[in-house]
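> Requesting a structural model of the entry that follows:
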Amino acid sequence: MRIRPAWAAPPRPVRVRRRGPRRGVALVLTALLLAPAAACRQPVVPPGAPTPWPAAQARQWQWQWQLTGPVDVTVEADVFLLDPVRTTSAETGALRARHRRLVCHVWAGTYATGDPDASRFPAAVRGAAVPGRPGSRWLDVRRWDSLEPVLADRLRLCRGKGFGAVALDDADGYLHRPGFPLTFDDQLLFNRRLAALARRLDLSPGLVDDLPQVAALAPDFDFAVNQECVRRGGCDKLLPFVDDDKPVFHVEYTGDPAEFCVTTVGYGFASILKDRTLDAWREPCVLP
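Numbering: from 1, shown residues only. As a prediction, this is how the structure comes out:
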């Protein structure tokens, strides 16, 4: 289960890790499957424009996902997935100056009691607690009229801080026990509305997880973010994005990269190993 950042809490220091020799060795993968990250970088996206994802580079991105701790702007990645509240405009400015693409992480189907906008959600849309995330609750995604104004402001915060894309998380309440009788079609409609809302606000929309709906939603979203499709199974369900030359940003929290990278890079994913805290540490699937 992802660790949800405390929106209003001060950032925690990045922990220093000692990794064994196996993880410290660069993973040798065929150059036909993965090009160096430097080749992917393009001029910085103009402010106010959604992030472009050139089809020719769909299999070449390197990425970073950081939701806790001070943002490490020196990480050698093309794409940064960051928390919009914790991340400062100075940090996004520094990353854009280095030609990085910025993706805003937004909880679309849940809210937390510590969120600055928590009081804006009517009691009627507040559902069951999210297991493993104290204070977080599911939202009734069928009530679009109640949710849209709050979600739109979350996306405007992303746009105002210089993000050009948004990864929409917890958009799979129908797979859990949200406290409402959500159906597959309820979720499908909500997720398509989310993608359309992001586009209206000049953000490139990305889908987080929700593997059962990928085939239906790939035309609506510009990229995918997936957690642990190797450990959990189902990596092949992300191929509609790959087949459309759209990026798939994939993370595993356990396992040996020397093993899972061969599979996921073979699929065409941009893969990394992370700690579940989603701090600055990462081990990407890279060429030496």
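
> going forward, measure contacts and count neighbours with C-alpha atoms only.
Fine.

> which regions of this structure lie under the pLDDT threshold?
1-48, 287-288 (pLDDT under 70).

> ok, residue 279 - contacts?
With contacts defined as CA atoms under 8 Å, 6 or more residues apart in numbering, residue 279 is in contact with 14, 65, 66, 67, 68, 69.

> Would you show me how to pick out the buried ones of the residues you listed in PyMOL?
Buried residues among the contacts of residue 279 (16 or more other CA atoms under 10 Å), as a PyMOL selection:
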select buried, resi 65+66+67+68+69
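
> May I have the secondary structure class of residue 206?
strand (DSSP: H, G, I helix; E, B strand; the rest coil).

> Residue 94 touches residue 75, doesn't it?
No. Checked against CA atoms under 8 Å, the pair residue 94 and residue 75 is beyond contact range at 11.9 Å.

> okay, stretch 110-119 in PDB with CA atoms only?
C-alpha atoms of stretch 110-119 as PDB (Å, rounded to 0.1, in the frame of the first residue of the first chain):
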ATOM      1  CA  THR A 110      -9.900   9.700  -1.900                       C
ATOM      2  CA  TYR A 111      -9.200  12.500   0.500                       C
ATOM      3  CA  ALA A 112      -7.400  12.700   3.900                       C
ATOM      4  CA  THR A 113      -8.600  14.600   6.900                       C
ATOM      5  CA  GLY A 114      -5.300  16.600   6.900                       C
ATOM      6  CA  ASP A 115      -5.800  17.800   3.300                       C
ATOM      7  CA  PRO A 116      -6.200  21.600   3.000                       C
ATOM      8  CA  ASP A 117      -9.400  21.000   1.000                       C
ATOM      9  CA  ALA A 118     -10.800  18.200   3.100                       C
ATOM     10  CA  SER A 119     -13.700  20.400   4.500                       C
END
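
> Go ahead and flag the most central residue of the protein.
With distances taken as CA atoms, centre = their mean, residue 167 lies nearest the centre of the chain, 4.4 Å away.

> and that residue, bridged to which residues?
residue 105, residue 206 (DSSP bridges).

> Just to check, it is in contact with residue 203?
No. Here residue 167 lies out of contact with residue 203, judged by CA under 8 Å, at a distance of 9.8 Å.

> As a check, name the ranges of all strands in the stretch 1-150 of the chain.
Here the stretch 1-150 of the chain has its strands, by DSSP state E, counting those that start in this stretch, at 63-66, 79-82, 101-107, 110-112, 126-129, 136-139.

> No further queries at this time; thank you.
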